[in-house]
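K.L.:
one predicted model, sequence on top.
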Amino acid sequence: MSPPSASGAVPNGAPASPESLPTSVAPRKYALATLLVHSGALEEDPLGASSPPIYQTATFRQPGATTGGAYDYTRSGNPTRNAVETQWAALEGAERAFLFTSGMAALATVTHLLSHGDHIVAGDDLYGGTSRLLARVCPAAGLEVTNVDTCDVEAVIAALRPGRTKLLMLESPTNPRLQICDIAALSRAAHDAGALVCVDNSILTPLYQRPLDLGADISMTSATKYPAGHSDLMAGALAVRDAGLAARLAFLQNAEGTGLAPHDAWLLGRGLKTMALRMERQASNAARLAAWLAARPEVRGLAYPGLRASAGHSVHVAQATGAGAILSFTTGSVELSRALCEATRLFKITVSFGGVASLILMPCFMSHASIPAEVRAARGLPDDLIRISAGIEDIDDLLADLEQAFDAATKAVADSKPALALK
Ligand SMILES: Cc1ncc(COP(=O)(O)O)c(C=O)c1O
Ligand SMILES: N[C@@H](CCSC[C@H](N)C(=O)O)C(=O)O
């Protein structure tokens, strides 16, 4: 991997084009599961290290006062971060990838590509933090945002304002209702209107869906989730094919100081090595949980992209290679949902997803609480919604835990009067 120039010619250094990878790890030659294990950085380590060195340094001594070295300052570029960015670009089939201090830092950077007066079309089932960014930060920068059901291509076309809409921001599957949108069709429509398309791919990661292959301009992932995998690190990734767009993102990453720190980049690189194994186990656990939940009388509106009966299933299988490990459902009662979450033992009541441990939460009270109640209601986000992130535990233990939790919760709610029932 070639180091970036500190001369200033490349604002953030890191010319991490796939061509600069050793041919043994070049994109497309190997499957993603292999690219996750073999990063180019190790191939080039002069001492043959099995784990890449952490360049825990802020600055780099220069060869002369007027000649730049490969790196000058870690905000502008760092070999450890650069190595993982190069690996991430290969996973996405991208020209370049950029790692940020969090998924939100990555998403905020995308909005910084726009200027005062520009218009954004975004989904109406989105992570709460993304909703907050679009509703409360972007307008202060003079950006106008329209939220629309991105499962409905015609509705998106109607919302696009040719020449003024500069960004279409999508999730598929969405957080928390696992709604599916047709990324290729929406990308065509957005491009016709002159807008960039950014797909938040956090629920699937490039292992199961590659938005750039489907026509999106920017593939975004909260690397805090599956890529890190152990709930011990915050990180975000952006991947792009267009060199001009890459240069603009590199400039913003350096100018705003949002690049991932070396030690966190190293931790992320370590997480990547097991991502395929973890996600395969998590997805198979999620499929078993979904089948079990589908048969429970208390469960309504079960959403999991792997279920044939799930809305958008056919679109999903056409654009993704896996269903992921997140599912959501309602029970018809906030009290029952609360009691169920609180009765689980293995499923911890915790925000986030994608870590090795199974998690459960009620989005309206946790991950999506920053969306005002009236907005949640208008978007049809029900208070009794439960979201589960399947971990890698033994599936029989997980099923037994859910079974005892349903029994305990049903009994607790029946014993307590009055119950807070939803219509
Ligand atoms: C779909 C989605 N996108 C983006 C984010 C933001 O990522 P991070 O928490 O890494 O900032 C999250 C969660 O926080 C998320 O669930
Ligand atoms: N208090 C946090 C909530 C983070 S939710 C994290 C994750 N994306 C999820 O969906 O669970 C905040 O306000 O951002």
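P.N.:
Arrived safely. Numbers count the residues shown, from 1 in each chain. Ligands and ions are numbered 1, 2, ... in the order given.
K.L.:
Ser219 in helix, strand or coil?
P.N.:
Using DSSP: H, G, I helix; E, B strand; the rest coil, the structure places Ser219 in strand.
K.L.:
scratch that, Arg296 is what I was asking about
P.N.:
Classification of Arg296 using three-state DSSP returns coil.
K.L.:
neighbours around it, how many?
P.N.:
14 (other Cβ atoms under 10 Å). Every residue, glycine included, has its C-beta placed from N, CA and C.
K.L.:
equivalent analysis for Ala311, please.
P.N.:
Neighbours around Ala311, by other Cβ under 10 Å: 16.
K.L.:
before we move on, what about Leu114?
P.N.:
Neighbours of Leu114 using other Cβ under 10 Å come to 19.
K.L.:
separation between it and Ala122?
P.N.:
To Ala122, Leu114 is 12 Å away according to Cβ to Cβ, to the nearest Å.
K.L.:
look at the residue of the chain found nearest ligand 1 and report its pLDDT.
P.N.:
Ligand 1 sits closest to Gly103 of the chain, with a gap of 2.3 Å, by Cβ to the nearest ligand atom. For Gly103, the model assigns a pLDDT of 99.
K.L.:
thought it was touching Tyr226?
P.N.:
No: taking contacts as Cβ atoms under 8 Å, Gly103 lies outside contact range of Tyr226: 11.6 Å.
K.L.:
common neighbours of these two, please.
P.N.:
Common contact partners of Gly103 and Tyr226 (Cβ atoms under 8 Å, 6 or more residues apart in numbering): Ser202.
K.L.:
tell me where the stretch 201-350 of the chain has helices.
P.N.:
Remark: helices assigned in the stretch 201-350 of the chain by DSSP state H, counting those that start in this stretch are 205-208, 243-256, 262-273, 275-294, 313-319, 334-343.
K.L.:
what's the most buried one of the ones you listed?
P.N.:
Mean neighbour count, computed with mean count of other Cβ atoms under 10 Å, is highest for helix 205-208 among those, reaching a mean of 26.
K.L.:
show me what that helix is packed up against.
P.N.:
Counting contacts by 3 or more Cβ pairs under 8 Å, 6 or more residues apart in numbering; DSSP states H and E, helix 205-208 packs against helix 32-37, helix 79-92, strand 218-222, helix 275-294.
K.L.:
between the ones you listed, which gets nearest to ligand 2?
P.N.:
Comparing those under Cβ to the nearest ligand atom, the one sitting nearest is strand 218-222, at 6.4 Å.
K.L.:
in its sheet, what does the closest one sit against?
P.N.:
Counting by DSSP bridges, the strands paired with strand 218-222 are strand 196-200 (parallel), strand 236-240 (antiparallel).
K.L.:
what's in contact with the last one?
P.N.:
Going back to what we said before, that points to strand 236-240. Around strand 236-240, the neighbours that count as contacts under Cβ under 8 Å, 6+ apart are 88-89, 91-92, 94-107, 109-110, 206, 212, 217-224, 227, 246, 249.
K.L.:
list the contacts for the residue of the stretch 51-200 of the chain found nearest ligand 2?
P.N.:
Nearest residue of the stretch 51-200 of the chain to ligand 2: Gly129, at 4.1 Å (Cβ to the nearest ligand atom). Residues counted as contacts of Gly129 (Cβ under 8 Å, 6+ apart) are Gly103, Met104, Ser370.
K.L.:
narrow the residues you listed to those in helices?
P.N.:
Gly103, Met104 (DSSP state H).
K.L.:
filter the contacts of Gly129 down to the buried ones.
P.N.:
Among those, those buried by neighbour count (16 or more other Cβ atoms under 10 Å) are Gly103, Met104.
K.L.:
out of the contacts of Gly129, which touch ligand 2?
P.N.:
Applying Cβ under 6 Å from any ligand atom to those, one finds that Ser370 fall near ligand 2.
K.L.:
got the residues of the chain near ligand 1?
P.N.:
Proximity of the chain to ligand 1, by Cβ under 6 Å from any ligand atom, involves residues 102-104, 127, 129-130, 171, 175, 200, 202, 222, 224, 234, 236.
K.L.:
now, the most widely separated pair of these?
P.N.:
Glu171 and Met234 (18.7 Å; Cβ to Cβ).
K.L.:
the two - which one has more neighbours?
P.N.:
Glu171 (26 against 18).
K.L.:
phi and psi next, for that one.
P.N.:
When quoted as degrees, to the nearest 10, the phi and psi of Glu171 stand at phi -120, psi 140.
K.L.:
in this structure Ser370 contacts Gly128, no?
P.N.:
Yes: here Ser370 reaches Gly128: they are 4.8 Å apart, a contact under Cβ under 8 Å.
K.L.:
thinking again about what came up before, the residue of the stretch 51-200 of the chain closest to ligand 2 and Gln62: what is the separation?
P.N.:
39 Å.
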